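K.L.:
Got a sequence here, can you build the structure:
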Amino acid sequence: MSYKALKKKIISGQAKIGVIGLGYVGLPLAVGFAKAGFSVLGIDLDEDRICRIQARKNYISDVSTKDFRKVIDEKKFCVASQFDLVQQLDVILICVPTPIKRKYTPDISFITNAVKSIARYLKRSSLVILESTTYPGTTKELIQPALEKSGLRVGRDFFLAFSPERIDPGNKQYPLAKIPKVVGGIDAKSSELTKRLYQKIVKQVHVVSSTEVAEMTKLLENSFRIINIGWINELAMMSHRLGIDVWEVIGAAKTKPFGFMPFYPGLGVGGHCIPEDPLYLAWRVKQYGFNSKYIKLSSDTNAHMPRYAVERIQETLQKQKKNLRQARVLVVGVTYKKDVKDLRKSPPLRLIELLQAAGVQVDFFDPFIPFLEIGLLHLRSIALTAEKLKSYDCVVVATDHTKVNYSLIFKNASLIFDIRNVYQKQKAKKIFRI
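P.N.:
Below you'll find the predicted structure:
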């Protein structure tokens, strides 16, 4: 099959699409393409995920359960754990994790393992797209040579591109279809095929000149956020020393209609993208003799925030003539962001660990998380009642879920440490802010 034939299959919706990795990125893409009429095969080595999908159990909140079940029932979306099925596919999307192996060092083993498996069964005139966030140069320097070990040549026998994922878990305003896709191919044909593919499910596709530019684009986006969050967290610590309300400062600054974008202090950053992706860039440029000061400093500042919060909670309790070691503390919200079930690198978990290490009796409440069984944490979410609230020396608001009755907390908690500034209009003496 030629380039023209593959292009025709993509445009007509006849191309068979494979999605490697069915997590927060892969499953929405798989369902999106299946909903658009494509035949989609999901491949994942996690047997639990395979069993869930086969049982029609949706585990990603950003995916419509109705759409999820419909494409399965219509046999537009099926799953497997065998890579030999790759030989049946026209398009392969790689959506595997890219964690940090140790501090500041990328772990791209999930990508390399997936690519090795794909190379064994890659057929002629197929399109391979990497979605997983990685350092600039990965697609050209790592994936292309690995795939060409099959004897096929990029641009002649198969096509290769990078298109960074931009999924924002829990963001109702910007679902997959409304988030523009950036596309960078190894060559013009790869870019064109990838653009045509994503135009089937996304309203806007922006093509850049190379895979390296596309890879760098994703890292710019997430580095922008980690740096600004790190800066606002540092400003919060400064403001406390100076006796200034940082929240009031931010509120005043954002009245400026140009040249300012508000960021807000908190316990740091969670999820996969912001805590880890910028470190891929810092690691990469270090190989070229460049030391990225901003990324490392911001990462360290954000990582310090749970410990800083413990210090502030201790200080707050002391003002109330209470001892931290003898305190009972309730943490409200343990997910890393609002209204999601996602606990990946969630800063409130680190806060609970530090409080427990300090001898504090800690409980938590989160409407999305019934229990915690992570590392040394073994807790069940309590029932949020007036009687329970009165039994705690301090209630820490760590995540501002819309499903939490904060008025109940405000009326009954004797002391509130409001990290997320939920009570913006309240000036009560029992409320302290980061």
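K.L.:
Only C-alpha atoms from now on, for both contacts and neighbour counts.
P.N.:
Will do.
K.L.:
Quick check: phi and psi at the most far-flung residue of the chain relative to its centre.
P.N.:
Computed with CA atoms, centre = their mean, the maximum C-alpha offset from the centroid of the chain is found at residue 321, amounting to 40.2 Å. Reported as degrees, to the nearest 10, the phi and psi values for residue 321 are phi 60, psi 40.
K.L.:
Name the residues that touch the lowest-mean-pLDDT helix or strand in the chain?
P.N.:
In the chain, no helix or strand scores lower on mean pLDDT, DSSP states H and E than strand 100-102, which sits at a mean of 84. Residues from elsewhere that reach strand 100-102, judged by CA atoms under 8 Å, 6 or more residues apart in numbering: 106, 107, 276.
K.L.:
buried residues in that strand?
P.N.:
If you call a residue buried by 16 or more other CA atoms under 10 Å, then strand 100-102 has these buried ones: residue 100.
K.L.:
right, and the helix or strand after that strand?
P.N.:
Moving toward the C-terminus from strand 100-102, the first helix or strand encountered (DSSP states H and E) is strand 105-106.
K.L.:
That next one pairs with which strands, parallel or anti?
P.N.:
On the basis of DSSP bridges, the sheet neighbours of strand 105-106 come out as strand 100-102 (antiparallel).
K.L.:
Just checking the distance from the strand it pairs with to the centre of its chain.
P.N.:
Strand 100-102 has its average C-alpha position 16 Å from the chain's average C-alpha position, going by CA atoms, centre = their mean, to the nearest Å.
K.L.:
pLDDT below threshold where in the stretch 51-200 of the chain?
P.N.:
The stretch 51-200 of the chain contains no residues with pLDDT under 70.
K.L.:
now do 90
P.N.:
61, 101-105, 169-172 (pLDDT under 90).
K.L.:
where along it do the helices fall?
P.N.:
Taking DSSP state H, counting those that start in this stretch to define them, one finds helices in the stretch 51-200 of the chain at 65-73, 109-121, 138, 144-148, 188-198.
K.L.:
Reformat these as CSV; add mean neighbour count.
P.N.:
Below are the helices of the stretch 51-200 of the chain laid out as CSV (neighbours: other CA atoms under 10 Å):
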stretch, mean neighbour count
helix 65-73, 17
helix 109-121, 17
helix 138, 18
helix 144-148, 18
helix 188-198, 21
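K.L.:
between these, which one is nearest to residue 294?
P.N.:
Of all the helices of the stretch 51-200 of the chain, it is helix 138 that lies closest to residue 294, at 22.8 Å by CA to CA.
K.L.:
Determine the set of other helices and strands touching the closest one.
P.N.:
Packing contacts for helix 138, counted by 3 or more CA pairs under 8 Å, 6 or more residues apart in numbering; DSSP states H and E, involve no helix or strand.
K.L.:
okay, now residue 394: neighbour count?
P.N.:
Residues contacting residue 394 under the criterion other CA atoms under 10 Å number 26.
K.L.:
Next up, the contacts around it.
P.N.:
317, 327, 328, 329, 330, 413, 414, 415, 416, 417.
K.L.:
could you measure it against residue 361, distance?
P.N.:
With the distance defined as CA to CA, to the nearest Å, residue 394 ends up 11 Å from residue 361.
K.L.:
go on, residue 373?
P.N.:
17 Å.
K.L.:
Could you check which of these two has the larger neighbour count?
P.N.:
Comparing residue 373 with residue 361 by other CA under 10 Å, the one with more neighbours is residue 361, at 17 against 9.
K.L.:
got a list of what the residue lying closest to that one once chain neighbours are set aside touches?
P.N.:
Beyond its immediate neighbours in the sequence, the residue positioned closest to residue 361 (CA to CA, 6 or more residues apart in numbering) is residue 328, lying 4.8 Å away. Applying CA under 8 Å, 6+ apart to residue 328 gives the contacts 360, 361, 362, 363, 391, 392, 393, 394.
K.L.:
Of the residues you listed, select the buried ones using a PyMOL command.
P.N.:
Applying 16+ other CA under 10 Å to the contacts of residue 328 leaves a buried subset, and the PyMOL line that selects it is:
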select buried, resi 360+361+362+363+392+393+394
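K.L.:
Between which two of the contacts of residue 328 is the distance greatest?
P.N.:
Taking CA to CA as the measure, these reach their widest spread between 360 and 391, a distance of 13.9 Å.
K.L.:
ok, so what distance separates residue 7 from residue 221?
P.N.:
For residue 7, the distance to residue 221 equals 30 Å [CA to CA].
K.L.:
more neighbours, the two?
P.N.:
When neighbours are counted by other CA under 10 Å, residue 7 comes out ahead of the other of residue 7 and residue 221, with 20 against 15.
K.L.:
shouldn't that one be in contact with residue 193?
P.N.:
Yes. Taking contacts as CA atoms under 8 Å, residue 7 lies within contact range of residue 193: 6.0 Å.
K.L.:
how many neighbours does the closest residue to residue 80 other than its chain neighbours have?
P.N.:
Nearest-residue entry for residue 80: residue 43, 5.1 Å, with adjacent residues in sequence omitted and distances by CA to CA, 6+ apart. The burial count assigned to residue 43 is 23, neighbours taken as other CA under 10 Å.
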